[in-house]
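Q: need a 3D model of the following:
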Amino acid sequence: MSATRKPLILMGLVCFAAVLLAAGDKKSKANAGAGSAASMESRQPVPPIVDDKKIVHALNRFTFGVRPGDVERVRALGLDKWLDQQLHPEKIDDSAVEARVAPFLTLKMSSKEMVENFPPPQVLKAIENGRRSMPHDPGKRAIYESRMAQYQERQQKKQDAVASSTPAPSAASQDSTSMQDMAPGMRPDANDASMTPGQRKQQKQREDAMYADLSSDLLLQQPPEERYKTILKMSPEERLDLARTYKGEKAMQLIDGMRPEQRETIEAIVQPQAVVGGELAQAKLLRAIYSDRQLEEVMTDFWFNHFNVFIGKGPDRYMINSYERDVIRPRALGKFKDILAATAKSPAMLFYLDNWQSVGPDSELALYGPQRRPGRNARFPRPRPQQAKNRNGLNENYAREIMELHTLGVDGGYSQKDVTELAKVLTGWSIEQPQLGGSFKFNERAHEPGPKYILGRKIGEHGEKEGLEMLDILAHHPSTAKFISRKLAIRFVSDNPPDSLVARMAETFQKKDGDIREVLRTLFRSPEFWAGDAYRAKMKTPFEFVVSAARVSGADIQNALPLVGTLNRMGMPLYGMQPPTGYSMKAETWVNSSALLNRMNFALQLGSGKLPGTSVNPQALLHGSGPADAEGALAALEQDILAGDVSAQTHAVMEKQLSDPQISQRKLDDANKTPNYGAIAGLIMGSPEFQKR
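A: Predicted coordinates for the structure are as follows:
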C-alpha cells in the first residue's frame, strides 16, 4: 500500500464509521429518552436478545470482550453458572495472569518500599543534607546516585535561572569553565538553551568520546548480564547521559533479556518514572486482557474510576499501587459501605483531595499551633494573632466530592452547610509522612471539637468515629442507592438507563445492605438488560476498545508499554485523569474523527502484527482452514470477531478495501496467494460495530 493511498483508505473508513456511530448515538438517545407513555407507544418494539447472542451480550458487558472460544465455553457451562463464578472470583484459578505480571516487582511493594527503591526529591534532599545515607546494595546505590545527579542538575538549572536575572559574566569567562570543574551531576544537557556555545561544544565532545560505542550500539550487543554490570560501573554523570541517549523503544532494548530485578534497576536509572507508573499500567492492561476473573477486573476498573485518584499529584505516584491492590480490588464485589470507608482512609485519597491537611478552625492545632494546650480539659483560649499565622484551615475538597461524586450525587439532597459540617467531621483524618509513603493516622489535635449537624442528623463529639459514623450514614442513604445503581446501569446497560431498572437495582441495594454482587445479579436478571436495543449499544472507551481488540485477536503481549502509549494517544492515559470525576463512560466523550482514526490505526497495526511487543496469529481467529479468497476471509472473520453483527453498509465499505494488494495479497501473477487475514481482522476491529459492546 502506498504512503498516499493508505491514509485515504483509513480516512474513508473513519468518516464512514463516524457517520454510523453518530446515527447509532441518536438512536440510543431516542430509545433512552422514551420514558413517557407517549414515547413508549411511538417506539417500534425491538425483540429481546436470544440464543448465542445472549452469551455475546453478557460477555461484552461483564467482561472486557469476547475471546476466541468464549461463547462455546459459556454455552457449555450455562449463563447463570458462568455469572455466579464471575461474582465469586476467588473460585477461579487466575495463576496464568499472575505469572504474566510476576516480573513487575513493584506490584507487591508497599508505598514505603517504593519510596525507598525509587527515591523522590524529598529523600534525595535528605541525603544531600546529610540526614540520610546512601544504600549499600550496588543496584539501589546506582539508582540513588543517578537520581541524585538528576536532582542536582535540576537544582543547578534553578540557580542558573535566578542568576540569569543578574549581570552575567562575559562569554569568554563562561567558555573557559571546564566541564570537569562542574559539580558531579550538575553538567547541563548539550541541548540546553541556557548553555554557552563553548559549554555546549565541550559537553558534546565529552558525550561523543564517552559514548562512541553507544552510537554503534555496542552496549546493546553485550549479553544482558554484562550489559547490566557495564551500566552499574558507569559514573552517575555517564548514566545521566545514558538516560538521554536511550529513550523510547531503544530504552526497551537496553533491558532486553535482563532479570526482573535488573530490569527495574536499569529502568529506574534511565526512566525512573516509568517503573512505578509503567509497571502499574502494564499490569492493569495484562490483567484486563488475560485474567479469567473478568468481572472482578471490570469492577476494579469501575470503582477506581468512581473513586478516582490522579497519579501525577506528588506522592500519589507511590500510593496508587497500594490503593488499587489493597483498597479497591479486594472490595470490588463486596458491600459499598466497606469500599467507601476504605477509600476514605486511603493515603492516596487523603492526599489527592487534600483532606490530610484539613484542620478544624477551633481545633487544638488551629488555636495553639505546634504547642500543646496546658491541660487536657483546659478551656480553649482564643489564639493571639501571631499564633494564628500560617496555619492550615478547613479543607472542603474531599467532603464535597464524597457527597457529589462518591455517594449522594449532585442532586442527592445535601447543602453547602452539609459539606462544611462533613469537612469538620473529617478533620484529623491524615497521613503519617505522606512524602515517604506513610499510612493513615488520626490527628486528634487537628480535629474540630463539638457536635456537627449533617443531613438533619446530629453527630456527637467522638473523634475519628465521627467520620466512620457519617460514612455509614452516607452509604445507606436512599440517594446513594439510586446514584450508585444508575452509575452501574450506565456501565453495564446504556448511557441513559431506564428508570425502572435503576429503581429495581436501588431497591436491592437498600435491602441487601449495599451488596454489589446482589445489585449486579438484579441487573443481570432484569428484562431491560436483555432488551434488543441494548445489544451492542454501548460505545467502548479507549481502554475497553484496546483490551477487547487484544482479547478477540488472541494477541500475545510480551511488552504492554506500546499499549500504554496507545491509550495516551487516545486521550485515556491509565491513572491519568486529573479531575475527581474520573473518565466518562458515555459515547459523546469518545466519538470524534481523531479518536476514530487512532482506533482504526491501532486495529490495523494490531491485526497486521506490526504493534511492537505484541504478536498475533490471525489464522487462529478462523475456525478450521481459512478461505482462499479475501471475500470469504472477510465473511468468516466477521463471524468469528463480531458474531456476524455487521451491517450491510459496513460490510460493503470493508469489501471495497479488499482490492488493495496489502489486504487481498493478490496480484495478476499470484492469484492463488492467500489473503492477508491480519489486515482484514484489523478492518473489522476498526469497524463501527466493534467499537461498541
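Q: strands of the chain, start to end?
A: 429-431, 440-442, 452-454, 457-459, 556-557, 614-615 (DSSP state E).
Q: let me know the pLDDT of the residue nearest to the spatial centre of the chain.
A: Per CA atoms, centre = their mean, the C-alpha nearest to the average position across the chain is that of Leu574, at 2.2 Å. According to the per-residue confidence, Leu574 scores 97 in pLDDT.
Q: just the strands of the chain: most buried one?
A: By mean neighbour count, with neighbours taken as mean count of other CB atoms under 10 Å, strand 429-431 ranks first of the strands of the chain at a mean of 24. Placement of C-beta: from N, CA and C, glycine included.
Q: quick check, distance from that one to the centre of its chain.
A: How far strand 429-431 lies from its chain's middle: 25 Å, per CA atoms, centre = their mean, to the nearest Å.
Q: ok, and the closest non-adjacent residue to the residue nearest to the centre of the chain?
A: Ala281 (4.2 Å; CB to CB, 6 or more residues apart in numbering).
Q: ok, that neighbour - contacts?
A: Contact analysis of Ala281 by CB atoms under 8 Å, 6 or more residues apart in numbering lists Ala560, Val564, Leu574, Tyr575.
Q: for Met570, phi and psi?
A: For Met570, the backbone dihedrals are phi -80, psi 0 (criterion: degrees, to the nearest 10).
Q: which residue sits closest to it in space, ignoring its chain neighbours?
A: Pro542 (3.7 Å).
Q: shouldn't Lys284 be in contact with Leu574?
A: Yes. Look at Lys284 against Leu574 with CB atoms under 8 Å: they come within range, at 5.7 Å.
Q: give me the pLDDT for the residue nearest to Leu574.
A: Reading off the model, Ala281 has pLDDT 96.
Q: rewinding a little: next, give phi and psi for the residue nearest to the centre of the chain.
A: When quoted as degrees, to the nearest 10, the phi and psi of Leu574 stand at phi -60, psi 130.
Q: start to end distance for stretch 67-87?
A: 19 Å (CA to CA, to the nearest Å).
Q: could I get the buried residue list for that stretch?
A: Arg67, Pro68, Asp70, Val71, Val74, Trp82, Leu83, Gln85, Gln86, Leu87 (16 or more other CB atoms under 10 Å).
Q: same question, stretch 108-125
A: So stretch 108-125, judged by 16+ other CB under 10 Å, has buried residues 109-111, 113-120, 123-124.
Q: just the CA atoms of that stretch, as CSV, please.
A: Extracted C-alpha coordinates of stretch 108-125, given in CSV (Å, rounded to 0.1, in the frame of the first residue of the first chain):
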residue,chain,number,x,y,z
LYS,A,108,4.0,-6.3,45.7
MET,A,109,5.7,-3.3,47.2
SER,A,110,4.2,-1.1,49.9
SER,A,111,4.3,2.7,49.3
LYS,A,112,7.2,3.0,51.7
GLU,A,113,9.2,0.3,49.8
MET,A,114,8.6,2.1,46.5
VAL,A,115,9.8,5.4,48.0
GLU,A,116,12.9,3.6,49.3
ASN,A,117,13.6,1.9,46.0
PHE,A,118,12.8,4.8,43.7
PRO,A,119,13.6,7.9,45.8
PRO,A,120,11.6,11.1,45.3
PRO,A,121,13.1,14.5,45.7
GLN,A,122,12.4,14.6,49.5
VAL,A,123,14.7,11.6,50.0
LEU,A,124,17.4,13.0,47.8
LYS,A,125,17.3,16.3,49.6
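Q: give me the contacts around that stretch.
A: Contacts with stretch 108-125, where a contact means CB under 8 Å, 6+ apart, come from 106, 127, 132, 140, 143-144, 147-148, 151, 264, 268, 272, 275-276, 315, 318-319, 321-322, 347, 435-439.
Q: quick one on the thing from earlier: which residues touch the residue nearest to Met570?
A: Thr566, Leu567, Met570, Gly571, Met572, Trp590, Ala595, Arg599.
Q: tabulate those residues (CSV), appending distance to Val56.
A: Output for the contacts of Pro542, formatted as CSV (distance: CB to CB, whole Å):
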residue, distance to Val56
Thr566, 25
Leu567, 25
Met570, 25
Gly571, 28
Met572, 25
Trp590, 22
Ala595, 24
Arg599, 20
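Q: among those, which pair sits farthest apart?
A: Thr566 and Trp590 (14.1 Å; CB to CB).
Q: what about the nearest residue to Lys458 once chain neighbours are set aside, how many neighbours?
A: Excluding its sequence neighbours, the residue lying closest to Lys458 (CB to CB, 6+ apart) is Pro451, at 5.6 Å. Using other CB atoms under 10 Å, Pro451 has 12 neighbouring residues.
Q: list the residues that contact Pro451.
A: Residues in contact with Pro451 (CB under 8 Å, 6+ apart) are Lys458, Ile459, Gly460, Glu461.
Q: closest to Glu469 among the residues you listed?
A: So of the contacts of Pro451, ranked by how close each gets to Glu469 (CB to CB), first place is Ile459, at 6.2 Å.
Q: so what's that closest one up against?
A: Ile459 touches Glu421, Val425, Pro451, Lys452, Tyr453, Glu466, Glu469, Met470, counting by CB under 8 Å, 6+ apart.
Q: mind checking which of the residues you listed are in helices?
A: Of the positions in those, Glu421, Val425, Glu466, Glu469, Met470 sit in helices, assigned by DSSP state H.
Q: switch those over to a markdown table; also include neighbour count and distance to Ala102.
A: Below are the ones in helices among the contacts of Ile459 laid out as a markdown table (neighbours: other CB atoms under 10 Å; distance: CB to CB, whole Å):
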| residue | neighbour count | distance to Ala102 |
| --- | --- | --- |
| Glu421 | 23 | 47 |
| Val425 | 24 | 42 |
| Glu466 | 24 | 43 |
| Glu469 | 16 | 42 |
| Met470 | 22 | 41 |
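Q: remind me which residues of this structure are low pLDDT?
A: Scanning the chain for pLDDT under 70 picks out the ranges 1-45, 165-216, 272-273, 371-391, 623-625, 660-672.
Q: in JSON lines: the ones in helices among the contacts of Ile459, plus distance to Glu249.
A: What follows is these, written out as JSON lines (distance: CB to CB, whole Å):
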{"residue": "Glu421", "distance to Glu249": "54"}
{"residue": "Val425", "distance to Glu249": "51"}
{"residue": "Glu466", "distance to Glu249": "53"}
{"residue": "Glu469", "distance to Glu249": "54"}
{"residue": "Met470", "distance to Glu249": "51"}
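Q: tell me which two of those residues sit farthest apart.
A: Checking the ones in helices among the contacts of Ile459 with CB to CB, the most distant pair is Glu421 and Glu469, at 12.7 Å.
Q: ok, back up a step: the residue nearest to the centre of the chain contacts Val564, correct?
A: Yes. If you go by CB under 8 Å, Leu574 and Val564 touch, sitting 6.5 Å apart.
Q: common neighbours of these two, please.
A: By CB under 8 Å, 6+ apart, the residues touching both Leu574 and Val564 are Ala281, Leu285.
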